[in-house]
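A.B. asks: with the sequence up front, the predicted model follows.
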Amino acid sequence: AADSGATWFAIKAHSSADPKAGSALVIFDKVGSTYKVVMTVYADEPIPKIAVDKHGYVTPADPSQKVGALAPDQLSKSYEDFFETGGKTAGKTFAATESTKGSTDVYKEGVGDDLEGYATEKFFAKVPAHPKVYALKLENGGVVALFPTAHTSEVMLKPRYMSGFDITPGPTESVYNNTRRDVVTDEFEGQALAVLNPKARPWVTGIEYRMVNSR
């Protein structure tokens, strides 16, 4: 609705190229004098029914308002715990889903076979480059939120190997910096879809990351 105060609108869509991809929420926000796609997240599960008012308009939700354990704008910082600790602290706030399992697996995999025993990997949560969160009220009293999230990965040779070895960047890392080095720092930006319910744990049902820098 025009009087909602929102500068954005959402479209529920499907992929014609991949019918098995499920539903996606696409967010268009006003950038300058025009609207642009700013987020697109495919959900692993059906998206719950979004609430509409008596005129048929969807209702934006306040991203800073808690719905159960978290507010939509608290999701990113808490979710990054899956990478930092494997979900041992803030990650316990979330329900177990395919998304949380995949993120925990990244933490568990570590540096991989080539560097096993020679290097360590640590993840550090960071503020997303574009931190705006988009949220809509659901028919069941909950909220569906699309939120940006980000982290840095640091792969570092153990001190005893630094004088004689270097880490060779992978193909994606080499796009940004192909220099062999003792420490490889990669930056990732992500976007995710979560369902929040007053009586249940937050449910992240779609997430993806892309590397945006390596040094």
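C.D. replies: Right, received. Where do you want to start? Numbering: from 1, shown residues only.
A.B. asks: hey, where'd the strands end up in the chain?
C.D. replies: Using DSSP state E, the strands found in the chain span residues 8-14, 23-31, 34-42, 119-125, 134-137, 143-157, 183-196, 203-214.
A.B. asks: for the fifth one, the distance to its chain's centre please.
C.D. replies: Relative to the centre of its chain, strand 134-137 is centred 16 Å away, using CA atoms, centre = their mean, to the nearest Å.
A.B. asks: ok, and what's touching it?
C.D. replies: 8, 10, 27, 29, 39, 50-51, 58-63, 72, 143-147 (CB atoms under 8 Å, 6 or more residues apart in numbering). Heads up, the C-betas are built off the backbone N, CA and C, glycines and all.
A.B. asks: picking that back up, nearest to Gly68, out of the strands of the chain?
C.D. replies: With CB to CB as the criterion, Gly68 lies closest to strand 183-196 of the strands of the chain, at 5.8 Å.
A.B. asks: show me what that closest one is packed up against.
C.D. replies: strand 34-42, helix 75-79, strand 143-157, strand 203-214 (3 or more CB pairs under 8 Å, 6 or more residues apart in numbering; DSSP states H and E).
A.B. asks: rebuild those as TSV, extending it with distance to Asn177.
C.D. replies: Shown next, in TSV, are the helices and strands packed on strand 183-196 (distance: least, CB to CB, whole Å):
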stretch	distance to Asn177
strand 34-42	28
helix 75-79	26
strand 143-157	13
strand 203-214	5
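A.B. asks: any chance of these in a markdown table, with mean neighbour count too?
C.D. replies: Shown next, in a markdown table, are the helices and strands packed on strand 183-196 (neighbours: other CB atoms under 10 Å):
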| stretch | mean neighbour count |
| --- | --- |
| strand 34-42 | 16 |
| helix 75-79 | 22 |
| strand 143-157 | 22 |
| strand 203-214 | 18 |
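A.B. asks: tabulate the ones you listed (CSV), appending distance to Phe123 and mean pLDDT.
C.D. replies: Formatted as CSV, the helices and strands packed on strand 183-196 follow (distance: least, CB to CB, whole Å; pLDDT from 0 to 100):
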stretch, distance to Phe123, mean pLDDT
strand 34-42, 21, 96
helix 75-79, 12, 97
strand 143-157, 5, 98
strand 203-214, 11, 97
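A.B. asks: Glu173 is nearest to which of those?
C.D. replies: With CB to CB as the measure, strand 203-214 is the member of these nearest Glu173 (4.0 Å).
A.B. asks: pull that closest one out as CSV, backbone CA atoms only.
C.D. replies: The C-alpha trace of strand 203-214 is given here as CSV (Å, rounded to 0.1, in the frame of the first residue of the first chain):
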residue,chain,number,x,y,z
TRP,A,203,13.9,-21.2,10.4
VAL,A,204,16.4,-20.4,7.7
THR,A,205,15.2,-22.1,4.6
GLY,A,206,17.5,-20.7,1.9
ILE,A,207,20.9,-19.1,1.9
GLU,A,208,23.8,-18.6,-0.6
TYR,A,209,27.1,-16.9,-0.6
ARG,A,210,29.5,-15.5,-3.2
MET,A,211,33.1,-14.5,-2.8
VAL,A,212,33.6,-10.8,-3.4
ASN,A,213,37.3,-10.4,-2.6
SER,A,214,40.5,-12.3,-1.8
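A.B. asks: strand partners (parallel or antiparallel) of that strand?
C.D. replies: strand 183-196 (antiparallel) (DSSP bridges).
A.B. asks: give me the number of residues near His130?
C.D. replies: As a burial measure, His130 scores 12 neighbours (other CB atoms under 10 Å).
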